[in-house]
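Colleague: I would like to see how this sequence folds:
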Amino acid sequence: MKPGFQVKGLSEIAIHTSNMAAMIGFYRDCLGLEHFATRSGGAIEFFRIGDGFGGLTTVLALFDAGSEKQVVSGRNEPASSLHHIALSVSRAEQDAAEKWFAEKDIETRIENFAWVGWRGLFLKDPDGNTVELVAVDN
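Modeller: As a prediction, the model looks like this:
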């Protein structure tokens, strides 16, 4: 039996952070994401990733883990079950990103996924989360 609906896309990635300023700088200045909104007096910062399904915007949300103004309940412990975030780019953009990170002395690693035809460029954000810029490997 099918559930009667089909997921059409990803709308939001939400991360707790202990260093909001560093994370804002990383996602805005290093990855070039557009700042989308600030909520709850700066306890939540949103960045636009791209157009989503049905008029939604796909966003990255940073939640200040130390804020008493958190409006969403959830874990507050420092451990995370997050494995990584993968953001889609073209292969040319991935090559440009690799050069950009090298110029900034940001450590990266490349992994090829031949089974699906993808290539991943991996780096860490200021909180230690793994971020992948993934492209079709052509």
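Colleague: got the CA coordinates for the lengthiest helix in the chain in PDB?
Modeller: Using DSSP state H, we find that the single longest helix of the chain is helix 91-103. Written as PDB, here are the backbone C-alpha positions of helix 91-103 (Å, rounded to 0.1, in the frame of the first residue of the first chain):
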ATOM      1  CA  ARG A  91      30.800  20.400 -12.800                       C
ATOM      2  CA  ALA A  92      32.300  23.800 -13.900                       C
ATOM      3  CA  GLU A  93      31.200  25.400 -10.700                       C
ATOM      4  CA  GLN A  94      32.600  22.500  -8.700                       C
ATOM      5  CA  ASP A  95      36.000  23.000 -10.400                       C
ATOM      6  CA  ALA A  96      35.800  26.800  -9.600                       C
ATOM      7  CA  ALA A  97      34.900  26.000  -6.000                       C
ATOM      8  CA  GLU A  98      37.900  23.700  -5.700                       C
ATOM      9  CA  LYS A  99      40.200  26.500  -6.800                       C
ATOM     10  CA  TRP A 100      38.400  29.000  -4.500                       C
ATOM     11  CA  PHE A 101      38.800  26.800  -1.500                       C
ATOM     12  CA  ALA A 102      42.500  26.100  -2.300                       C
ATOM     13  CA  GLU A 103      43.100  29.900  -2.500                       C
END
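Colleague: residues near Phe26, how many?
Modeller: For Phe26, the count of nearby residues is 22 (other CB atoms under 10 Å). All C-beta spots, glycine's among them, are computed from the backbone N, C-alpha and C.
Colleague: Wasn't it part of a helix?
Modeller: Yes. Assessed by DSSP: H, G, I helix; E, B strand; the rest coil, Phe26 belongs to a helix.
Colleague: all strands for the chain, in order.
Modeller: Using DSSP state E, the strands found in the chain span residues 12-17, 34-39, 44-51, 57-64, 85-88, 109-113, 118-124, 130-136.
Colleague: Tabulate those strands (JSON lines), appending mean pLDDT, mean neighbour count and distance to Lys99.
Modeller: Converted to JSON lines, the strands of the chain look like this (pLDDT from 0 to 100; neighbours: other CB atoms under 10 Å; distance: least, CB to CB, whole Å):
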{"stretch": "strand 12-17", "mean pLDDT": "91", "mean neighbour count": "17", "distance to Lys99": "25"}
{"stretch": "strand 34-39", "mean pLDDT": "93", "mean neighbour count": "13", "distance to Lys99": "22"}
{"stretch": "strand 44-51", "mean pLDDT": "94", "mean neighbour count": "18", "distance to Lys99": "22"}
{"stretch": "strand 57-64", "mean pLDDT": "92", "mean neighbour count": "20", "distance to Lys99": "23"}
{"stretch": "strand 85-88", "mean pLDDT": "90", "mean neighbour count": "16", "distance to Lys99": "17"}
{"stretch": "strand 109-113", "mean pLDDT": "94", "mean neighbour count": "11", "distance to Lys99": "13"}
{"stretch": "strand 118-124", "mean pLDDT": "93", "mean neighbour count": "18", "distance to Lys99": "11"}
{"stretch": "strand 130-136", "mean pLDDT": "91", "mean neighbour count": "18", "distance to Lys99": "12"}
